[in-house]
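# structure, please.
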Amino acid sequence: MSGMQAVLFDMDGTLVDSEGVWLDVVEAAAVRRGRTLDPERRRAVTGRSVEDTAALVHEHLDVPEAELAAELGADFAARLSAAVVPRPGALRLLAALRARKVPTALVSASPRAVVEQVAATLDGHRFDTLFGAEDTRRTKPQPDPYLAAAVALGAEPTRCVAVEDSPAGVTSALAAGCRVLAVPSTEPLVRFAQTEAVTLAGSLTEVDPELLASLVR
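This is a model prediction of the structure:
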């Protein structure tokens, strides 16, 4: 469509209502050890990978980093296997892009196994490529995942639209050179409001392929 070559979707908090699940998983790990997560730590782990989260909070929880990462990853996968709830408007938007033959990617900081698990629940949508945390040397907020997704699709990052919900994800997509549609879930994104390459939306129900295409000029 127009100059847009592909749409690159974040997963947790963007397409599925799992960002809150992830925060609950980290909070539960803290509670099991008689600790809590203050608002600053909750913000820090939003949109971050299992490994990055373990690195950020293992000292606070007094648990070895590798042990905490394994615990968080297993708990998150188990909770998502019980129920995956699409965000409002997500399935409609995916269907509209599919109907227009727009290439799509799923670009997540979650483990690859979880990404594949969730992708299989999205009303039969087939992403042209999938990326989990271990598929690039660095994950969000670094640009590597979005750069890799663009390469996999044969697209130029500057002609891709990334759809994101977290500060870490928006930072990653911007660093890759993508245009960004930011739809907040658990964390406000107002600090990106004045960024030329970022467009804010209240919900995916407000978004259609034409709007996404208009972001690439």
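# what sits up against the biggest helix by length in the chain?
Criterion DSSP state H: the longest helix present in the chain is helix 65-82. For helix 65-82, contacts defined as Cβ atoms under 8 Å, 6 or more residues apart in numbering pick out 18, 21-22, 24-26, 28-29, 50-51, 53-55, 57-58, 61, 63, 110-111, 113-114, 117-118. Just so you know, the C-beta spots here come from the backbone N, C-alpha and C atoms, and that holds for glycine as well.
# roughly how far out does the strand or helix carrying Leu174 sit from the chain middle?
Assigned by DSSP states H and E, Leu174 belongs to helix 167-176. Remark: helix 167-176 is offset 10 Å from the chain centroid, using Cα atoms, centre = their mean, to the nearest Å.
# got a list of contacts for it?
The contact list for helix 167-176, computed with Cβ under 8 Å, 6+ apart, reads 8, 10, 14, 43, 46-48, 109, 139-147, 150, 157, 162, 164, 180, 182, 187, 189, 191-192, 195, 197-198.
# show me the residues you listed that map onto helices.
The members of the contacts of helix 167-176 that map onto helices under DSSP H are 43, 144-147, 150.
# residue ranges with poor pLDDT in this protein?
By pLDDT under 70, the weakly predicted segments of the chain are 1-2.
# how about the strands of it, start to end?
Using DSSP state E, the strands of the chain run over 6-9, 104-107, 129-131, 160-164, 179-182, 198-200.
# packed most tightly, which of these would that be?
Burial of the strands of the chain is given as mean neighbour count (mean count of other Cβ atoms under 10 Å); strand 160-164 ranks first at a mean of 28.
# got the contact list for that one?
4-10, 14, 107, 146, 149-150, 153, 169-170, 172-173, 176, 178-183, 204, 207, 212-213, 215-216.
# how does it look with 7 Å?
Applying Cβ atoms under 7 Å, 6 or more residues apart in numbering, the external contacts of strand 160-164 come out as 4-10, 14, 146, 150, 170, 173, 178-183, 212, 215-216.
# in the ones in helices among the contacts of helix 167-176, find the pair that's most separated.
Farthest-apart pair in the ones in helices among the contacts of helix 167-176 is Arg43 and Ala150; separation 27.9 Å (Cβ to Cβ).
# in the protein, what residue sits furthest out from the centroid?
Ranked by distance from the centre of the chain (Cα atoms, centre = their mean), the top residue is Gly34, with 29.4 Å.
# ok, that one to Ala55 distance?
21 Å (Cβ to Cβ, to the nearest Å).
# Ala96 too?
39 Å.
# now do Pro88
Distance from Pro88 to Ala55, by Cβ to Cβ: 33 Å.
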